[in-house]
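*Asks:* give the three-dimensional model of this entry:
(chains A and B)
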Amino acid sequence: MLRYSLKRLASAVPTLFLLITVAFFLIRIAPGGPFDSERALPAEIEANLAAKYHLDEPLVMQYGRYIWQIVRLDFGPSFHYLDWTVNDLIIQGAPVSFTLGILALIMALVVGIPIGVWAAWRQNRPSDYTVMGVAMIGISIPNFVLAPLLILLFAITLGWLPAGGWEYSFSRMVLPVITLALPMIAYVARITRGSMIEVLHSSFIRTARAKGLPEKEVLINHALKPALLPVISYLGPAAAAILTGSVVVERIFTIPGIGSYFVQGALNRDYTLVMGVVILYGILIIVFNFLVDLLYAWLDPRIRYDDLESES
Amino acid sequence: MYYHGCRHLVQSDVQGFSKQSDGVPSDPRSARAMKVWAIMVLAMLLAACQPHDEVDEPSKPRLPVPVNVEFDPEGRPLPEVLASEQTLHRGNGEEPQTLDPHLAEGVPTANILRDLFEGLTTTAPDGRIVPGAAIHWDISRDGLTYTFYLDPAGTWSNGEPVTADDFVWSWRRVVDPNTAAAYGRMLAPVVNAEQIFSGELPPEELGVTALNESTFQVRLDDPTPYFLGLLTHPTTYPVHRESFETHGSAHVRPGNLISNGAYVLTDWQVRSRIELARNLHFRDADNVIIERVIYYPFEDENTEFNRFRAGDLQWTYQVPSSQFRWLERNLDEALMVAPWFGTYFFSFNLTREPFRDNLELRRALNLAIDREIITERVSQFGEIPTFNLIPPGLPDYEPPKPEYAEWTQEEREEEARRLYRQAGYSESDPLTVELRYNTSENHRKIAVAVAAMWKQTLGVRTRLVNEEFRVFLQNRAQRRVTQVFRAGWIGDYQDAFTFLELFHSGHGRNDAGYNNPRYDRLLEQIASERIPALRRNLMREAERMLLADQVILPTFIYVSKRLVDPRLQGWEENIMDYHLTRYMYLVRERGVEPEERTDEVDDEGGETGDGRRETDEQAGLRPINAFPVVFRLPSSVSPAIRRIATPC
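*Replies:* This is a model prediction of the structure:
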């Protein structure tokens, strides 16, 4: 297992390097620069700004400089938020996005998996169709529709919850977490149901039932574990996405997470900030995919990575 | 505008999984179940429509009704009318790029900086220029030397006195090319500033001197009648030298920032809130009533609107542009709309076909637009239709109206068709033109209307192109692909020159490519003219030339529009849209029966109520007669617009 982990880690480095390279050159292809504005700057000032941020150097030089910075874990100054470095902005924003993301993930699992199991158990009965129909609606309603509706209902009409804004308090987090979690609950429920049905038809479940085990035990102890495999593989990239925030949710609830930086950073041509969040997202994807593979091995005894390696 | 930015990479996986189990059931029992399921889903969809109806027709929101404000003999509101908690929550557009006044740009940042800092002059609630850090000043007979006498009570937020040396050091910093100040050109009229920008002279050569501890002298190259107005701009504010030298670029963080304005920075959560508290060392601290101001950044106008409706904000930065009818019906008492010092126009690229050397065509397109329809049906917020570049409302400048401004729209369209034919186009051989704008729902609607009017009146075929803002700016500046493009300008200082200078052949934002030596010469004459009346005539001459050459297609005068809690008082509308928190205060909410407010609302003339006039004098503000900015509504404005433009 250790050898496998090390190998995965080693392969992550070139992946990240490739990601950085592509992102670095892609963002520079976009027309316009970080210091363009409707009010034209005098040429001398523009030259000084360019020099200050090394934008006057050849692109390859800038690339080299950037890689060297990254190696020292310094993402550089933000080109748009002049008083802050990219590190400052990520350190301020990431905990917010992580908190919301983790809560939404937990909610998605706690609600989604039982719904899926139940629907599978009641396969093709009205209750199954109802639950899955609701799940389908959950997937189809985009969050930019859901969020304003939630605000209208709970904040403006009923006045139970704040309409937005951020602090680490239950009342401020409820609506954004629900908005983030609802589509995930629906996905998780559908995936769980699908794989659960498949597992329930397999021979080892028939064996378990033949042994006379109570249905509850069959479902929870025997069927659930293998049925979770597809959920886990969905959760890897989904967790990385949800932890890096959501542009829509941040915009509508005025939450200072890092999701907006993906879009605002690109629109502002804030090269370093976009690079910073892209790298963070890349790292999270790699980490979560790795965790998914480890969980696979733990959930399904048939998967053993080190054995596979020695065989090949 | 929302982004469809959710990064769900896994959709296809999910479908792959669900397919296995979602086969159509074949036995009749399942078929019945299917029917039940379908009905339930339908019912649920109907239920889901319920809140949707509320989006269109929510019940009228209830606004707090303030008590009548009474004032003491000095013009201060009596303590018993004031709300017990004086905390102001202000919505404020996008997150500031920086709070360093010398590097800052953008309206939201300037709003905060006007609370934190104070320049040599400042503005009264109605926008007049009044003494700020300088208590009075002398202007030499030739208009080239300004001597400012600093207020002896002026102190930094750490208790140190604000000295003339602070200004000398700060202004040198602004013009130092290494500072790369975004608005450094504000100080261009000062002796040697141009040479310092271009690196020919060191910053120490700037024409500013500290005659003594509290006397600051500025020498100008040309008499600049709007110079006192420039001094309200954040670029001219003093920065605390020691704090900058200790903390470097972190000198504007909470805890480090030392400022000389009515408020100090206490907290800054990026993209969440910027919190200021009353500066006890401020020279006029006794008259500042609001204890705390919290500025909230908003990326989305609808979000800000929701927060206002939920009662979280007392002041918004803007309002949802598509909601005018609803706001007018339901939040009339909170909706504040006032003409602004800015113009929305389209510009022709004069360096390319089809507009190069084709004055008739440009004039035809200009006359074919019905501006009233655009402002009343499209933009809807009481924007003022215009044929001029420079907005009305400046005290010493009346924009010259072209003769066709007095014609009826039919006459204009008749003339447009004549010019169009003269330019060599006809129904059978129509002009095909491209109209370019930056991506925004509002710009799109206006561009569609303009294209439709051209089509209807002249038969012009218009291709609409929208581009992301920075791409758009670059294309405009390069002049290689543009034909007609959207533009707009909000004046930087209270003088017509801020608009006229845009079309100097050497100006960096002259995206039309206007190159008229006579116009350039006029601008140079304006810059050096010392007699106000002559200068005014030269400026009118320049604007007339610009309109006669039809460089642009003026459309309307912008309005500032926001929602304000009726309990927030002490502020007034002004064309620069400057609203300093130090003049404001929150009054108590009236207990029960809301009373008629007719006596105030019916005041049609754009004048302010008596109470407000008193609050002006409250802070001991001395109006400077040489530079009064009194907002006057142009006579062309319809009564409906007048009504909403009148502060209630």
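
*Asks:* pLDDT weak spots in chain B?
*Replies:* Scanning chain B for pLDDT under 70 picks out B:1-60, B:592-648.

*Asks:* ok, 80 please
*Replies:* When residues are selected by pLDDT under 80, those of chain B lie in B:1-62, B:591-648.

*Asks:* in the top helix by length along chain A, what's buried?
*Replies:* Taking DSSP state H as the criterion, chain A has its longest helix at helix A:86-121. Neighbour-count burial for helix A:86-121, counted by 16 or more other Cβ atoms under 10 Å in any protein chain shown, picks out A:86-90, A:92-94, A:96-101, A:103-105, A:107-109, A:111-113, A:115-121. Where C-beta positions appear, they are placed from N, C-alpha and C, glycine not excepted.

*Asks:* from the contact counts, what lies against the following helix or strand past that helix?
*Replies:* The helix or strand immediately downstream of helix A:86-121 is helix A:126-140, counting by DSSP states H and E. If contacts are counted by 3 or more Cβ pairs under 8 Å, 6 or more residues apart in numbering or on different chains; DSSP states H and E, helix A:126-140 sits against helix A:86-121, helix A:170-200, helix B:28-56.

*Asks:* return the distance of the longest strand seen in chain B from the chain's centre.
*Replies:* As assigned by DSSP state E, the longest strand anywhere in chain B is strand B:335-348. Centroid separation for strand B:335-348 versus its chain: 9 Å, with Cα atoms, centre = their mean, to the nearest Å.

*Asks:* anything in it near chain A?
*Replies:* No: judged by Cβ under 8 Å from any Cβ of the partner chain, strand B:335-348 stays clear of chain A, getting no closer than 11.3 Å.

*Asks:* what is that strand packed up against?
*Replies:* If contacts are counted by 3+ Cβ pairs under 8 Å, 6+ apart, strand B:335-348 sits against strand B:484-490, strand B:552-563, helix B:639-645.

*Asks:* so residue 294: helix, strand or coil?
*Replies:* In the absence of a named chain, this looks at chain A. At residue A:294 the chain is in helix, as set by DSSP: H, G, I helix; E, B strand; the rest coil.

*Asks:* switch to chain B, that's the one I care about
*Replies:* With three-state DSSP as the basis, residue B:294 sits in strand.

*Asks:* next up, the contacts around the closest residue to residue B:550 other than its chain neighbours.
*Replies:* Closest residue to residue B:550 in three dimensions, ignoring its sequence neighbours and counting by Cβ to Cβ, 6 or more residues apart in numbering or on different chains: residue B:362, at 4.0 Å. For residue B:362, the contact set (Cβ atoms under 8 Å, 6 or more residues apart in numbering or on different chains) comprises B:348, B:355, B:550, B:553.

*Asks:* again, but for residue B:208
*Replies:* By Cβ under 8 Å, 6+ apart, the contact set of residue B:208 is B:167-168, B:171-172, B:190, B:216-219.

*Asks:* so residue A:164 touches residue A:252, yeah?
*Replies:* Yes: with contacts counted by Cβ atoms under 8 Å, residue A:164 reaches residue A:252, the gap being 7.0 Å.

*Asks:* tell me where the stretch 451-600 of chain B has helices.
*Replies:* B:469-478, B:497-500, B:517-528, B:532-548, B:598-601 (DSSP state H, counting those that start in this stretch).

*Asks:* deepest of those, which one?
*Replies:* Highest mean neighbour count among the helices of the stretch 451-600 of chain B (mean count of other Cβ atoms under 10 Å in any protein chain shown): helix B:497-500, with a mean of 21.

*Asks:* isn't residue B:503 right up against residue B:545?
*Replies:* No: using Cβ under 8 Å, residue B:503 is not in contact with residue B:545; the gap is 9.3 Å.

*Asks:* now do the longest strand of chain B against helix B:469-478, angle only.
*Replies:* Strand B:335-348 and helix B:469-478 are oriented at 40 degrees to each other (axes from the mean of the first three to the mean of the last three Cα atoms, to 10 degrees).

*Asks:* parallel or antiparallel, which strands does strand B:335-348 pair with?
*Replies:* Counting by DSSP bridges, the strands paired with strand B:335-348 are strand B:484-490 (antiparallel), strand B:552-563 (antiparallel).

*Asks:* ok, which of those comes nearest residue A:170?
*Replies:* Taking Cβ to Cβ, strand B:552-563 is the member of those nearest to residue A:170, at 28.5 Å.

*Asks:* assign a three-state SS to the residue sitting furthest away from the middle of chain A, would you?
*Replies:* Ranking residues of chain A by C-alpha distance from their mean position (Cα atoms, centre = their mean) puts residue A:44 at the top, at 42.8 Å. With three-state DSSP as the basis, residue A:44 sits in helix.

*Asks:* who's in contact with it?
*Replies:* B:177, B:197-199.

*Asks:* for the residue nearest the centre of chain A, report the pLDDT, please.
*Replies:* In chain A, the centroid-proximal residue (Cα atoms, centre = their mean) is residue A:241; its distance is 1.6 Å. With respect to pLDDT, residue A:241 scores 90.

*Asks:* where does pLDDT dip in the stretch 101-250 of chain A?
*Replies:* Residues of the stretch 101-250 of chain A meeting the criterion pLDDT under 80: none.

*Asks:* restrict the buried residues of helix A:86-121 to contacts with chain B.
*Replies:* Among these, the ones lying near chain B by Cβ under 8 Å from any Cβ are A:88-89, A:92-93, A:120.

*Asks:* now the residue in the stretch 501-648 of chain B that chain A sits nearest to. Nearest residue, chain neighbours left out?
*Replies:* Taking Cβ to the nearest Cβ, chain A has its nearest neighbour within the stretch 501-648 of chain B at residue B:508, 2.9 Å off. Distance criterion Cβ to Cβ, 6+ apart; nearest residue to residue B:508, sequence neighbours excluded, is residue A:40 at 2.9 Å.

*Asks:* how about the secondary structure of the one you found?
*Replies:* Local secondary structure at residue A:40 is given as coil here, using three-state DSSP.
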